[in-house]
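Student: Fold the following for me, if possible:
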Amino acid sequence: MEEELANLSLLDDEEEAFQEEALVVERTYQFCLVGRCLTDSVVHFPSLRNTMADLWHPIGGICITDLGEKRYLFQFFS
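Tutor: A predicted model of the protein is given here:
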């Protein structure tokens, strides 16, 4: 498996799809993480949001947004 992963590369077409203006991305998503639930069962988003906020309880607060397909955006404010 390690050999297969070592040979992964992006094509030129794929690299263009991910390019954005650095200043806009830097300000908007400066303290953000994207997470994914690795489970086949249904994820109850309000419970997940409350549990993660209680576990982390950052000083400046946190905003958790459902991005769909069991992906979540965690935005920290400090």
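Student: Setting the sequence-adjacent residues aside, check what's closest to Gly61.
Tutor: Ranked by Cβ to Cβ, 6 or more residues apart in numbering and with sequence neighbours excluded, the top spatial neighbour of Gly61 is Phe77, at 5.0 Å. All C-beta atoms are positioned from the backbone trio N, CA, C, and that covers glycine.
Student: residue contacts, the one you found?
Tutor: Contacts here follow Cβ atoms under 8 Å, 6 or more residues apart in numbering; on that basis Phe77 touches 31, 58, 60-63.
Student: Quick check: phi and psi on it?
Tutor: Listed backbone geometry of Phe77 is phi -110, psi 10, with angles given as degrees, to the nearest 10.
Student: how much space between it and Cys63?
Tutor: Distance of Phe77 to Cys63, given as Cβ to Cβ, to the nearest Å: 8 Å.
Student: same deal with Leu33?
Tutor: Taking Cβ to Cβ as the criterion, Leu33 is separated from Cys63 by 11 Å.
Student: what sits in contact with each of the two?
Tutor: Residues touching both Leu33 and Cys63 (Cβ under 8 Å, 6+ apart): 73-74.
Student: Could you pull up the contacting residues of Cys32?
Tutor: Cys32 sits next to 73-76 when contact means Cβ under 8 Å, 6+ apart.
Student: Buried subset of these as a ChimeraX selection?
Tutor: One line in ChimeraX is enough to select the buried ones among those; burial here means 16 or more other Cβ atoms under 10 Å:
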select :74
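Student: helices and strands of this protein: which one has the lowest mean pLDDT?
Tutor: Ranked by mean pLDDT, DSSP states H and E, the weakest helix or strand in the chain is helix 12-17, scoring a mean of 51.
Student: quick check, nearest of the contacts of Cys32 to Phe45?
Tutor: Comparing those against Phe45 with Cβ to Cβ picks out Leu73 as the nearest, at 12.0 Å.
Student: Residues in a beta bridge with Cys32, which ones?
Tutor: Beta-bridge pairing for Cys32 (DSSP bridges): Gln75.
Student: State the distance from it to Arg49.
Tutor: The span separating Cys32 from Arg49 equals 15 Å under the rule Cβ to Cβ.
Student: which helices and strands does the lengthiest helix in the chain pack with?
Tutor: Among the segments of the chain that qualify as a helix by DSSP state H, the longest is helix 45-56. Helices and strands touching helix 45-56, as assessed by 3 or more Cβ pairs under 8 Å, 6 or more residues apart in numbering; DSSP states H and E, comprise strand 62-68, strand 71-76.
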